[in-house]
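S.K.: Here is the input, now give the coordinates:
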Amino acid sequence: GRGVRLPTVIVRPGKPNAATTSCFSSVIREPLSGTAIALPIDGNLKHALTSYTAAVDGMLAFQTASPSLANQVLGPYDRTAFLPSM
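M.R.: Numbering: from 1, shown residues only. This is a model prediction of the structure:
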């Protein structure tokens, strides 16, 4: 089988939850809904982010890639890839 490692997927709908990465979605989501937000992390922190559409597209591309392409890109032993982020 194959597996992917996802960056933090933003913007998730709904209210913030207890997940450590929820603050990253809140930074985008809350101002769009007119709600003020206090950033609970250092403003200079670098963190991998992606959209839900990019995450789905990446997972589909990875799972439907031919075995020969997967071997060419990942090598014969590695079956896990990190999806691109911004």
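
S.K.: Can you name the next helix or strand after the helix ranked longest in the chain?
M.R.: Using DSSP state H to define each element, the chain has its longest helix at helix 52-64. Counting by DSSP states H and E, the element after helix 52-64 in chain order, helix or strand, is helix 67-74.

S.K.: mind listing what's buried in that following helix?
M.R.: Neighbour counts over helix 67-74 (16 or more other CB atoms under 10 Å) mark residue 70 as buried. Where you see a C-beta, it was placed from the backbone N, CA and C, and this is true even at glycine.

S.K.: and that helix, C-alpha only, in PDB?
M.R.: Extracted in PDB, the C-alpha atoms of helix 67-74 (Å, rounded to 0.1, in the frame of the first residue of the first chain):
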ATOM      1  CA  PRO A  67       3.600   1.100  -9.700                       C
ATOM      2  CA  SER A  68       6.500   2.000 -12.000                       C
ATOM      3  CA  LEU A  69       6.100   5.700 -11.400                       C
ATOM      4  CA  ALA A  70       5.900   5.200  -7.700                       C
ATOM      5  CA  ASN A  71       9.100   3.100  -7.800                       C
ATOM      6  CA  GLN A  72      10.800   5.700  -9.900                       C
ATOM      7  CA  VAL A  73       9.900   8.600  -7.500                       C
ATOM      8  CA  LEU A  74      10.000   6.800  -4.100                       C
END
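
S.K.: ok, and the helix or strand in this structure with the lowest average confidence?
M.R.: Taking mean pLDDT, DSSP states H and E as the measure, the chain has helix 22-32 as its least confident helix or strand, at a mean of 80.

S.K.: Can you tell me what sits against the helix or strand just after that one?
M.R.: Downstream of helix 22-32, the next assigned helix or strand under DSSP H and E is strand 49-50. By CB atoms under 8 Å, 6 or more residues apart in numbering, the list of residues contacting strand 49-50 from outside reads 6, 7, 8, 9, 10, 24, 58, 83, 84, 85, 86.
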